[in-house]
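S.K.: Here is my input, please return the structure:
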Amino acid sequence: MREPVELRRQRILSVVQSRGAVKVSVLAAELDVSVVTIRRDVEELTRVGRLRRGHGVARPVVDAPEPTTVPAARTEEPAGDGAAVALVVPERHSYLYETLHGARTVLEESGMRIALHIAPQSAGAERPLVERALADGARGLLIAPRWRNARSEELDYGWLAEVGVPTVLMERRPRPGSALHALDSVCSDHWYGTHLAVDHLVSLGHRRIVLAARDDSPTARTIRTAFAEIAATRPDVEDWSIVLSSPAAVPGPGPQTPGAPAEAAPDPDGDATAVDLAALLRERGATAAVLHGDVDALMLVQRLAEGGVQVPRDCSVVAYDDVVAALGSTPLTAVAPPKAEIGRAAAELLLYRLAGTAGATGPVRRTELLPTLKIRGSAQSIPTPED
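M.R.: Numbers count the residues shown, from 1 in each chain. Okay, the predicted model is just below:
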């Protein structure tokens, strides 16, 4: 199924607003669509005043520094005393680009020079980027490793614990007792976010709930674990189940998260079928679903409609991420992690460590910020017999 036009254009806006000017060819490669399609989108976004168009380049409405190379790195113009902070985030990750934007605002206001490195999707891609940044003189590091599976996370523990400069993890919480347990981190409390979603649906009278979620990131795994724990311990949830939100939403080769529900992997030839959420809802008698993340949620809602299930008439839906959840034909009620605030808090903590003032070498900080619930039109109460 093709990605909705409005969703693709929102992704374009997210990339351009987080990085500044971006080549049309780069956008086409990252969004996996043709250059002609991206050029048409950029022209329309320019027409309605949401972008500016240059020669082969999409620019934000507000000027921002242009990138040099993608995906390897982008370095801002020097500012202040030339001190540099490296930011490392995965490519094609609009959620973390919002986090990056929050960090960038704080660092630029401090006069700190920024070296932005976009890690490709290959395993272990972050380490050479960090080593390059350190060789170039970076004094500090803000990083959100991809960590598609538990093994890839463990492989990063050793070298990341020994980078030798102040480091803050963004939206990542290492395993308790690991080499990174005593590393500064700032992330969303995704257990609380999952609780908000379940509690909202239960308050509307729903008792049979499905979670359709990814399983290829630390956030996804936390949401899955939290949902199982919350649903299993709430007496007002009569039935619950967890399925993949997309055939491609698996962690890839490597050990699975301990305790995660067993699921069939995609076909080795790449022909995995789409999640038949409509059939599952009928089978389980479920009246509500929590869907992670936003893109998968919007696609699943479309497939529900094709299967004769209307949202919210037949099924109430809460999305998780709130990057583009509001853009669907039915705007989705969504859990909204404080993405930009995570970046700002992480940058402020890193600047505190770099300041060298009394207390800057104090106890490690593991900060959690609470998500909020954005009520829109995709969830409604179950009619009672009296209704």
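S.K.: I'd like the next helix or strand past the worst-scoring helix or strand of the chain on mean pLDDT.
M.R.: The helix or strand of the chain with the poorest confidence is strand 74-75; it has a mean of 38 (mean pLDDT, DSSP states H and E). Remark: after strand 74-75, the chain's next helix or strand is strand 84-90, criterion DSSP states H and E.
S.K.: what's in contact with that next one?
M.R.: Defining contact as CB atoms under 8 Å, 6 or more residues apart in numbering, one finds that strand 84-90 is touched by 96-97, 99-100, 103-104, 107, 112-119, 121, 126, 129-130, 133-134, 136-146, 170, 347, 350, 354. Just so you know, the C-beta spots here come from the backbone N, C-alpha and C atoms, and that holds for glycine as well.
S.K.: Let's see that strand as CSV, backbone CA atoms only.
M.R.: In CSV, the C-alpha atoms belonging to strand 84-90 read as follows (Å, rounded to 0.1, in the frame of the first residue of the first chain):
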residue,chain,number,x,y,z
ALA,A,84,32.0,21.3,19.3
VAL,A,85,29.4,18.8,20.4
ALA,A,86,28.6,15.8,18.3
LEU,A,87,25.0,14.7,17.7
VAL,A,88,24.5,11.2,16.4
VAL,A,89,21.0,10.0,15.4
PRO,A,90,19.7,7.3,13.0
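S.K.: ok, Ala228 touching Ile242?
M.R.: Yes: here Ala228 lies in contact with Ile242, judged by CB atoms under 8 Å, at a distance of 6.5 Å.
S.K.: The nearest residue in space to Arg52 that is not next to it in sequence: what's it in contact with?
M.R.: Closest residue to Arg52 apart from its sequence neighbours, by CB to CB, 6 or more residues apart in numbering: Arg59 at 4.2 Å. The contact partners of Arg59, by CB under 8 Å, 6+ apart, come to 16, 20-21, 51-53.
S.K.: Which one of the residues you listed is nearest to Ala213?
M.R.: For the contacts of Arg59, the residue nearest Ala213 by CB to CB is Val16; the value is 28.4 Å.
S.K.: Next, give phi and psi for that closest one.
M.R.: The phi/psi pair for Val16 (degrees, to the nearest 10) reads phi -70, psi -40.
S.K.: Need the residues that contact the host helix or strand of Ala297.
M.R.: Using DSSP H and E, Ala297 sits within helix 294-306. By CB under 8 Å, 6+ apart, the residues outside helix 294-306 that reach it are 1, 3-4, 7, 212, 214, 245-246, 249, 274-278, 281, 289, 291, 310-311, 314-315, 317, 319-325, 327-328, 330, 332, 334, 378.
S.K.: and if we set it to 7 Å?
M.R.: Applying CB atoms under 7 Å, 6 or more residues apart in numbering, the external contacts of helix 294-306 come out as 1, 4, 7, 212, 214, 245-246, 249, 274-275, 277-278, 291, 311, 315, 317, 319, 321-325, 328, 330, 332.
S.K.: in it, what counts as buried?
M.R.: Neighbour counts over helix 294-306 (16 or more other CB atoms under 10 Å) mark 294-302, 304 as buried.
S.K.: for the helix or strand following that helix, the distance to its chain's centre please.
M.R.: Remark: after helix 294-306, the chain's next helix or strand is strand 316-320, criterion DSSP H and E. Put simply, strand 316-320 sits 16 Å off its chain's centre (CA atoms, centre = their mean, to the nearest Å).
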